[in-house]
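Q: Task: produce atomic coordinates for the following.
(2 chains)
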2 protein chains.
Amino acid sequence: MAEPTSRTDVAALGEFGLIEHLTKNTTRYQASTIKGVGDDAAVIDNKGLLTVVSTDLLIEGIHFDLMYTPLKHLGYKAVVVNLSDIYAMNALPRQITVSVALSNRFSVEALEELYAGIQAACDHYKVDLVGGDTSSSAKGLLISVTAIGQAEPGKLVYRNTARVGDLVCITGDLGAAYLGLQILEREKQLFLSDPSIQPDLENQSYLIGRQLKPEARRDMIEAFARQRLLPTAMIDISDGVASDLMHICKQSGVGAYLEESGVPIHLEAQQMAIKFGLDPITVALSGGEDYELLFTIDPKDVDKVKYIPDIYIAGEIVPAQDGLKLHTKGGNIHPITAQGWRHFG
Amino acid sequence: MAEPTSRTDVAALGEFGLIEHLTKNTTRYQASTIKGVGDDAAVIDNKGLLTVVSTDLLIEGIHFDLMYTPLKHLGYKAVVVNLSDIYAMNALPRQITVSVALSNRFSVEALEELYAGIQAACDHYKVDLVGGDTSSSAKGLLISVTAIGQAEPGKLVYRNTARVGDLVCITGDLGAAYLGLQILEREKQLFLSDPSIQPDLENQSYLIGRQLKPEARRDMIEAFARQRLLPTAMIDISDGVASDLMHICKQSGVGAYLEESGVPIHLEAQQMAIKFGLDPITVALSGGEDYELLFTIDPKDVDKVKYIPDIYIAGEIVPAQDGLKLHTKGGNIHPITAQGWRHFG
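A: Predicted structure coming up:
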């Protein structure tokens, strides 16, 4: 479904020709990029700044389904999820490397689509593609992205530095990407059972867009700098806020509670969750792929947060022995369990 | 064959448990490593040095065959081939990230073997494992390694800076890794045709060792520093010297010739090439996976090279219109053709 119509075999270009072909329109945005694609390694000038590195491996059939994921969107998302990790350190991404492996069912035109998405993300976030590797695979498409960022010493925000009494903050809204995925999966199953059925994606562009074309919260990192706000701890919400808050708590040696009324859920996500017979708060806590930021602040900084739109104060850090809890709207207290990673088992 | 006997399902640990389990014995060698595994990203302090980044993706069935590759060797080699790229910039590797994806046929014990090899390489080259990602795959094992190095400004050596009149130098010897692979492939085919046949690997430990456990030439980069030698251009020999010399020539806008008598070939490689009915010089030029260094020097530096053992002066850089040629021992001149990458087509 996602393959463009014209088809050039990858073998027609060969490895070196392919890399040249795919990276020839690469733009250089960062003064720190001394050498990009084309040598044994890329070269970055740091001028005393700290370097921040994050990496992710995306695998067809595990992390994405090409039946409903356009290759251009996939390239864009593969970059964004890595940049999100760099922003979650309160750092700014500067360069990426991208390695791709693909079976011979993919044409050069298909790869061009993928790289068009990668380049679109580079353009939007002003990062430079500085290296990578292209290979064949026995089966399916694999994408490995490494993002490199910079930060001034003292400006980085880690996961293990939340303190009892800090406020827990969440950007944006949660659960929408998960519900977008459920819609796409439902339509895929209907299509597979009867190819004459037209997909029913109307009026769900918000949820589907959150799944297929997420954005990283660069705007928040920029807003923190303007407000001179340094969160006490931060993580990006990739596995679901339940799991990601658990990381902060475990590494910081603390507990936390979330107020159900403080967890931001988009109206369309609420309605769709109910349509799927799911509890909206469960979807918001455990859905994942939100790529929002979860961070904690010193209570004295609460006024700074108020000046930044799209941030919600959702809870508080408590002693470790109090555990990880949800205070429901009905006045009940439930333990929050992190399911972690859904890719095994 | 390569799987250890005890077996723990990866699902028993889960993602977070698995990463913790595999990286808990990680040693920190580099003062520049501020933050390693366990946050959104690793943090590196550069103090004004340049950062050098290289990445590789290794795929079962394409880049390695687990039937004759022990997982520990595989982990070691996956790191070494990346470090080789950093050394080829005349830089020193400091940190690596490793992402692994595996199908459910691999146990936790198998992964431990792989990480033992990764850790052995970290120990030998004094690099820090600072991040990564672990995932499942639909089929087979995938390893993506990114290496990060440092160099003083002005000390880096690129591919595009060879000049007419420079001498072409090669470290070590060539072709042995390719022949080691041919032996392993031959024994695999014999084993598949009749499992009662015992592998005949005796007396070939040099060739097989060059294939299964290559080393990167850190010693050469250290020797260059001691001799105050700055090559004019450099690349590591991964695709075969024919292909890699072509990269230097193309990017530098020059040609080159190699003297057959100057191309170093180990005696065992010569004998084994003939046994396989192959021309030793062809194997040396096109075999690949040598992970030796190919570099060019100003002729005024020739005395510095003489003080470093295991370096061979194999040819000279000439104008681009003279092309890429081999001067044979018999006095003939042949064009050198680079076959490039064998993984497609």
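Q: quick one: is the helix or strand that contains A:S144 near chain B?
A: Assigned by DSSP states H and E, A:S144 belongs to strand A:142-151. Yes: contact of strand A:142-151 with chain B (C-beta under 8 Å from any C-beta of the partner chain) involves A:142, A:144, A:146-149, A:151. (C-beta placed from N, C-alpha, C; glycine too.)
Q: how much space is there between the residue nearest the centre of chain A and chain B?
A: Closest to where the C-alpha atoms of chain A average out (C-alpha atoms, centre = their mean) is A:V81, at 3.1 Å. Plainly put, A:V81 is 11 Å away from chain B if you go by C-beta to the nearest C-beta, to the nearest Å.
Q: Which parts of the stretch 101-250 of chain A are helices?
A: A:108-125, A:176-193, A:205-212, A:218-226, A:241-252 (DSSP state H, counting those that start in this stretch).
Q: Enumerate the positions of the second one that are buried.
A: What that stands for is helix A:176-193. A:176-184, A:187, A:191 (16 or more other C-beta atoms under 10 Å in any protein chain shown).
Q: Export those residues to a markdown table and append columns for pLDDT and distance to B:I221.
A: Shown next, in a markdown table, are the buried residues of helix A:176-193 (pLDDT from 0 to 100; distance: C-beta to C-beta, whole Å):
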| residue | pLDDT | distance to B:I221 |
| --- | --- | --- |
| A:A176 | 97 | 50 |
| A:A177 | 97 | 46 |
| A:Y178 | 96 | 49 |
| A:L179 | 96 | 53 |
| A:G180 | 96 | 50 |
| A:L181 | 95 | 48 |
| A:Q182 | 94 | 53 |
| A:I183 | 93 | 54 |
| A:L184 | 93 | 50 |
| A:E187 | 90 | 55 |
| A:F191 | 87 | 56 |
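Q: which of the residues you listed lies closest to B:P199?
A: Here the nearest of these to B:P199, counting by C-beta to C-beta, is A:L181; it sits at 48.3 Å.
Q: contacting residues around the closest residue to the closest one other than its chain neighbours?
A: Closest residue to A:L181 apart from its sequence neighbours, by C-beta to C-beta, 6 or more residues apart in numbering or on different chains: A:Q211 at 4.9 Å. Remark: with contacts taken as C-beta atoms under 8 Å, 6 or more residues apart in numbering or on different chains, A:Q211 is in contact with A:176-178, A:180-181, A:184, A:289.
Q: next one: A:S103
A: Per C-beta under 8 Å, 6+ apart, neighbours of A:S103: A:136-141.
Q: Tell me the most packed of these, by neighbour count.
A: Neighbour counts for the contacts of A:S103, by other C-beta atoms under 10 Å in any protein chain shown, peak at A:S137, which reaches 25 neighbours.
Q: surely that residue meets B:E60?
A: No: A:S137 is not in contact with B:E60 according to C-beta atoms under 8 Å; the separation is 9.4 Å.
Q: Mind splitting chain A into its structural domains?
A: Using automatic domain parsing, the domain parsing of chain A gives A:10-151, A:167-335.
Q: Which among those domains is found nearest to B:L50?
A: Closest among the domains of chain A, using C-beta to C-beta: domain A:10-151, at 5.4 Å.
Q: so how far does that closest one reach from one end to the other?
A: Start-to-end span of domain A:10-151 (C-alpha to C-alpha, to the nearest Å) is 39 Å.
Q: Quick check: mean pLDDT of it?
A: If you average the pLDDT over domain A:10-151, you get 88.
Q: the strands in chain A, which residues?
A: Secondary structure of chain A, counting by DSSP state E: strands at A:33-35, A:42-45, A:50-59, A:92-102, A:128-136, A:142-151, A:167-171, A:233-237, A:254-259, A:292-297, A:311-319, A:324-327, A:333-335.
Q: Would you mind putting the ones you listed into TSV with distance to B:K35 alongside?
A: Formatted as TSV, those follow (distance: least, C-beta to C-beta, whole Å):
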stretch	distance to B:K35
strand A:33-35	23
strand A:42-45	18
strand A:50-59	9
strand A:92-102	16
strand A:128-136	22
strand A:142-151	11
strand A:167-171	22
strand A:233-237	13
strand A:254-259	19
strand A:292-297	17
strand A:311-319	21
strand A:324-327	24
strand A:333-335	30
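Q: for those strands, which one sits closest to B:L71?
A: That would be strand A:50-59 among the strands of chain A, by C-beta to C-beta, at 18.0 Å.
Q: and A:E259, how many residues sit next to it?
A: Neighbours of A:E259 (other C-beta under 10 Å): 16.
Q: Ok, the one 5 residues further on next?
A: Here the neighbour count serves as a burial measure; for A:P264 (other C-beta under 10 Å) it reads 18.
Q: of all the strands of chain A, which lies closest to B:I317?
A: strand A:33-35 (20.9 Å).
Q: Which other helices and strands does the closest one contact?
A: strand A:42-45, strand A:128-136 (3 or more C-beta pairs under 8 Å, 6 or more residues apart in numbering or on different chains; DSSP states H and E).
Q: Can I get the ones you listed in JSON lines including distance to chain B?
A: Output for the helices and strands packed on strand A:33-35, formatted as JSON lines (distance: least, C-beta to the nearest C-beta, whole Å):
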{"stretch": "strand A:42-45", "distance to chain B": "4"}
{"stretch": "strand A:128-136", "distance to chain B": "5"}
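Q: Quick one: closest of those to A:D9.
A: That would be, of those and by C-beta to C-beta, strand A:128-136, which comes in at 11.5 Å.
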